[in-house]
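Engineer: Show me the folded form of this:
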Amino acid sequence: MKKITVFLLTFIMIFCCTACGAKTKKESKEDALDTPVQTPQDAITEAPLPEMDEDGYYLEDIYVEVSAQVANVRVSAEEGAPIFRMIDQGELIETNGYNDKWYRVVIEATNFYVSKDEVKPVTSAFGDADSINGLPKKIVIDPCNQLMANSNQDPVGPNSNQTKDGASPGSVGGLYGTRESQINLDYAVALRDELKARGYQVLLTREDNESADITNKQRAEFANASGATVWIRIQTSESTDPEMTGVMAMCISEKNPYHSDLYRDSYALAARMLQGVTQNIDVTNHGIYENDQMVAFNWSEIPVASFDIGFMSNATDEANMITDWYKESIVKGLADGIDYYFQ
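Structural biologist: Residues are numbered from 1 along each chain as shown. Take a look at the predicted model:
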């Protein structure tokens, strides 16, 4: 009887210990899942602020969007200071510094200021809305030609002895008398609006056709100084063969004597534009023509390509180019191609 009692007591103790052990392990596992990971205090660091200049501005190249009805760009960082320019709601402003009350901008190589009350950080289309580093893609569009010819001679490229006329009025359609200078501007404006709707910042080398007078070299210098990522030239084609129709793109060659380092990106830009357009509209694709005799190309310091929207010498192309459906199709295709380029 004593042996039986000892055996039973031993069995009960083993059972209890086993059960307690299992329970302890289960609770430990659940506790581990519920316990947050502890971060060592020395691993917690704050993002450093940008460098501050002697005027008390944090040095940061950022973009802000005008949130007020109009933003007043002032000549000094003071309420009531003279206004240099007014910028409409929704427009983007590039800044190079900021403090607790003002953003500092550079226009025409001069510092100006805009109140933080009138602008806001760029939206998520360009990056994190809460980040001061979000930058949009910036593009210059050049509507080639202009109504008035400019016969002033520009060197074909830096240090070149060969010269060309500053700007040409371009061709005129034989069916409707369409002026290339005007159709280029129409398409450039439409492309600007489409790209802005997609979150790009866009500048035009000219915005009118009646009084514009800017040479091809000056257009390149404008693009170089703009801070743009790339620039695009819009033009039409001309051929002695009236049956020739379709679209094409143009860029420098790999052996360009002035900026051959821009060839790869310029070619990619031309190819992507062609891809976007030919995927969006049924047109003849004449491919990419490489040319080292274009003044605007040779003076460029950033990737550049041109796109020919049709042949002015072809009656069908001319008729199409002045219609809304054709313009919308070409513009959407070009915008798609630009999106492809930046992906």
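Engineer: in the stretch 51-200 of the chain, which spans are strands?
Structural biologist: Assigned strands in the stretch 51-200 of the chain, in chain order: 58-66, 70-74, 83-88, 92-98, 102-107, 110-115, 119-121, 138-143, 150-155, 163-167 (criterion: DSSP state E, counting those that start in this stretch).
Engineer: Can you tell me which of these is most buried?
Structural biologist: Relative to the other members of the strands of the stretch 51-200 of the chain, strand 138-143 carries the highest mean neighbour count by mean count of other Cβ atoms under 10 Å, namely a mean of 25. C-betas here are computed from N, CA, C, even on glycine.
Engineer: which SS class is Ile288?
Structural biologist: Put simply, Ile288 is strand when judged by DSSP: H, G, I helix; E, B strand; the rest coil.
Engineer: How many residues are close by it?
Structural biologist: Ile288: 17 surrounding residues under other Cβ atoms under 10 Å.
Engineer: picking up where we left off before, could the strands of the stretch 51-200 of the chain be laid out in CSV, adding distance to Thr178?
Structural biologist: Putting the strands of the stretch 51-200 of the chain into CSV (distance: least, Cβ to Cβ, whole Å) gives the following:
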stretch, distance to Thr178
strand 58-66, 36
strand 70-74, 37
strand 83-88, 31
strand 92-98, 33
strand 102-107, 36
strand 110-115, 40
strand 119-121, 41
strand 138-143, 14
strand 150-155, 21
strand 163-167, 19
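Engineer: what about those strands, which gets the closest to Lys327?
Structural biologist: Of all the strands of the stretch 51-200 of the chain, the one in closest proximity to Lys327, counting by Cβ to Cβ, is strand 138-143 (13.1 Å).
Engineer: Partner strands of the closest one, with direction?
Structural biologist: strand 201-204 (parallel), strand 230-237 (parallel) (DSSP bridges).
Engineer: Let me see the mean pLDDT of the last one.
Structural biologist: The average of the pLDDT scores along strand 230-237 is 96.
Engineer: before we move on, what about stretch 154-168?
Structural biologist: On average, stretch 154-168 scores 94.
Engineer: List every C-alpha atom in it, with coordinates, as CSV.
Structural biologist: In CSV, the C-alpha atoms belonging to stretch 154-168 read as follows (Å, rounded to 0.1, in the frame of the first residue of the first chain):
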residue,chain,number,x,y,z
ASP,A,154,25.2,82.2,-84.7
PRO,A,155,28.2,79.8,-84.6
VAL,A,156,27.0,76.2,-85.3
GLY,A,157,28.7,75.2,-82.1
PRO,A,158,31.1,76.4,-79.4
ASN,A,159,34.4,77.6,-81.0
SER,A,160,33.0,76.9,-84.5
ASN,A,161,33.8,79.1,-87.5
GLN,A,162,30.7,77.9,-89.3
THR,A,163,27.6,80.0,-88.8
LYS,A,164,23.9,79.9,-89.5
ASP,A,165,20.9,82.3,-89.4
GLY,A,166,19.6,82.9,-85.9
ALA,A,167,16.1,81.7,-86.5
SER,A,168,13.9,80.8,-89.5
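Engineer: roughly how far apart are Pro169 and Leu147?
Structural biologist: Taking Cβ to Cβ, to the nearest Å as the measure, Pro169 and Leu147 are separated by 6 Å.
Engineer: could you list every residue that touches the residue positioned nearest the centre of the chain?
Structural biologist: Taking Cα atoms, centre = their mean as the criterion, Lys137 is the residue nearest the geometric centre of the chain, at 2.0 Å. Lys137 makes contact with 126, 199-201, 229, 342, according to Cβ atoms under 8 Å, 6 or more residues apart in numbering.
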